[in-house]
Each structure stands twice: as structure tokens, then as C-alpha cells.
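J.: Attaching a predicted model along with its sequence, questions to come.
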Amino acid sequence: MTAVTARQRLSSNGALFALLAAFGFSMKAILVKLAYAWQPVDAVTLLALRMLMALPFFLALAWQARDRGTATPLQASDWLRLAWLGVTGYYLASILDFWGLQYINAGLERLILFLYPTLVVVLGAWLTRRPVARRERWALALSYGGIALAFLSDLRLASDRGALILGSALVFGSAVSYALYLLASGNTIARLGSRRTAAYGMLISTALVLAQFAATQPLAALRQPWPIYGLALAMAVFSTVLPSLLLAEAIKRIGAGRVAMIGSAGPIITIYLGVVLLGEPATAVQLLGAALVLTGVLLVTLPSRRTPAG
């Protein structure tokens, strides 16, 4: 009985962590759009500010994990796995998303990003050479049909259709990168621990972001109005540090599949906040598209199937 209670508590905590992570990640698009509206700051500079402000937290986390001795000393294969997670889950997914948000609204961005569970299914089937099940095919049809509706609705309203297409493609690339991160994260978290994995992955991605900033922007670009610093700090704490830790802990407790299912709250939060805080449109066609995307993602994640427990 005690063992059952402990498992239930572990599962409940994992679900709560996944929900809080979804909320934190959903807020990121709102904060980015607010920053773009306040000041014409470029995506690389804004992302660099975000990562610089998150850096002390992840240095502290890495030091804490080291003191705890949560895993055996890192070997070359561990560094390769961490580098892969840092590149896919934190660097590429972030920079592509920031670039995309320069061209599309927060609601469409979150819907496109929310396709990542379907990409996990497709990429996982391709990597393991297994056929995609009928239920999964229906889920894919619903999800991508919903995205098509939302995209066409925005396309009809857009003043610059080329920008909308470019932004959507960039955000879709971010979703692909994030799906690759999820596929690789379970085993790495199991071996190294969730906090250690998150800390080192973020440190690697921070180094990449700062290297890109140094190569493409003058140092003076970091001088921004105080509201931009405040928004970057909010991104660092509430949309980077906390949700990254919560996501890793959630995957460890309940697996990537259930985490993806619970993350279905994310698009709803972003669409609502986009309408209230940013004045973004919410047409009936867009809402129908969002409903189809959510239905498809739930369909692909609700079936009981084996996923890495982390």
C-alpha cells in the first residue's frame, strides 16, 4: 500500500511539474512579443540577454549537482549526449523560435510548436523503423489540418504573407529541434540526473548563444532600456530556469509521452494571453484550427504506450 501511495505521489508531482513547465514556456512567447513591441531589439540580442540572466542560476545548479555527486564522472559519451541536448533542446529550438516570433503572432507560434508530440511520433517511428499506427495517423491528420486552418486564417489577415510563411517555417524548425531533444532526453536524464542534465545542457546552449552574439552583434547592442532587461529577466527565470528544471523532473517521473499530453494546456494559455495582453486576433477559424491541433495531439499522446521513464 505504501509503495502504491509513493508511486501515486510521484506521478502527481510529475503531472504538476509538467503543467507548470507548460505555463512557463507558454509565457515566453508573450514576453518576447512584448519586448519586440517595446523596442526594436533583434532576436539574437534578446536571446543573449535571456541566457546571460539565466546563467548564474544554471552555474549554481551545476555546482550543486557536482557537490551531490549525483552521477559518476562525465565521460566523453556523456558530453556528446549533453551537447546534443544543449544544441537541440535549448539553442536551436530557442533561436529559431525567437526569429519566428519576429514575423508571426504568439498564438500561431504556440500552435506550431505544439506539434512537437506528433513529430516525436513520426521521428520515433522513423528511427525505430516501426509503422505509424492508424490512431497516430488520424492524430497527425487532425493536428496538421488544424495548423493549416490557423495558418490560412492568419494568411488572410496578414499584410506581409512572405513574413508569415518565413516565421511559420522558423517556428516549425524549432518544434522539430525540440522533438529531437525529447527523443534523446530520457536516457540521458536517467544516467546523469534531471538537474545535472538541465544545468549542463543550458550551459552548453548559453555558450553557443553568446558565441553567436559575439560573431554577429556589437557589444553595445546589450545596452537596452530597463523594460527590456526586466522582460529578459522574466524570460530567464519564469520561462527558462524554472520550466527547464520542472520539465526534466516531469520526464523523469512520468515519461516524455505524458509530459507531452499535459503540455496541451500551453497553446490555450498562450492564445488567451495573446488576445488579452497583445491584442492578437482570435477568429472562429483560428479557434477551430486550435481545437483540431489539440485534439490531434491528445489523440497521439493519450494511448498507453511505452515511453522512457527517464
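T.: Structure received. Numbering: from 1, shown residues only.
J.: I figured residue 151 hits residue 107, correct?
T.: No: using C-beta atoms under 8 Å, residue 151 makes no contact with residue 107, being 11.4 Å away. The way it works is simple: take the backbone N, C-alpha and C, and place the C-beta from them, glycine included.
J.: who has more neighbours, these two?
T.: Remark: of residue 151 and residue 107, residue 107 carries more neighbours, 27 against 21, as counted by other C-beta atoms under 10 Å.
J.: Show me what the helix or strand containing the more buried one is packed up against.
T.: Assigned by DSSP states H and E, residue 107 falls within helix 106-113. Helix 106-113 is packed against helix 2-38, helix 93-100, helix 134-157, helix 161-192, helix 265-278, helix 284-301, with contacts defined by 3 or more C-beta pairs under 8 Å, 6 or more residues apart in numbering; DSSP states H and E.
J.: repeat that for 6 Å
T.: Here helix 106-113 touches helix 2-38, helix 134-157, helix 161-192, helix 265-278, going by 3 or more C-beta pairs under 6 Å, 6 or more residues apart in numbering; DSSP states H and E.
J.: and of those helices, who's closest to residue 89?
T.: Checking the helices and strands packed on helix 106-113 against residue 89 by C-beta to C-beta gives helix 161-192 as the closest, at 3.0 Å.
J.: roughly how far is that closest one from the heart of the chain?
T.: 7 Å (C-alpha atoms, centre = their mean, to the nearest Å).
J.: Give me the contact list for the next helix or strand along the chain from that helix.
T.: The C-terminal neighbour of helix 161-192 among helices and strands, as given by DSSP H and E, is helix 194-216. For helix 194-216, the external contacting residues (C-beta atoms under 6 Å, 6 or more residues apart in numbering) are 44, 47-48, 51, 55, 58, 61-62, 65, 70, 82-83, 85-86, 90-91, 188-189, 244-245, 248-249, 252.
J.: swap in stretch 17-31?
T.: Contacts for stretch 17-31 (C-beta under 6 Å, 6+ apart): 106, 109-110, 231, 234-235, 238-239, 242-243, 246-247, 249-250, 259, 262-263, 265-266, 269-270, 273, 277.
J.: May I see the ChimeraX selection of the buried members of the residues you listed?
T.: Entered in ChimeraX, the line below selects the buried ones among the contacts of stretch 17-31, by 16 or more other C-beta atoms under 10 Å:
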select :106,109,110,231,234,235,238,239,242,243,246,247,249,250,259,262,263,266,269,270,273
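J.: Point out where the stretch 51-200 of the chain drops to low pLDDT.
T.: Applying pLDDT under 70 to the stretch 51-200 of the chain flags residues 66-72.
J.: before we move on, back to that, please narrow the contacts of helix 194-216 to those residing in strands.
T.: Judged by DSSP state E, strands contain none of the contacts of helix 194-216.
J.: among the residues you listed, which ones are buried?
T.: Taking 16+ other C-beta under 10 Å as the criterion, what is buried in the contacts of helix 194-216 is 44, 47-48, 51, 55, 58, 61-62, 65, 82-83, 85-86, 90-91, 188-189, 244-245, 248-249, 252.
J.: Was I right to think residue 171 contacts residue 114?
T.: No: assessed by C-beta atoms under 6 Å, residue 171 is found out of contact with residue 114, at 10.3 Å.
J.: Identify the contacts common to the two.
T.: Joint contacts of residue 171 and residue 114 (C-beta under 6 Å, 6+ apart) do not exist.
J.: Now for the nearest residue to residue 149 once chain neighbours are set aside: which residues touch it?
T.: Nearest residue to residue 149, sequence neighbours excluded (C-beta to C-beta, 6 or more residues apart in numbering): residue 289, at 3.4 Å. By C-beta under 6 Å, 6+ apart, the residues touching residue 289 are 146, 149-150.
J.: Perfect, I'm done here.
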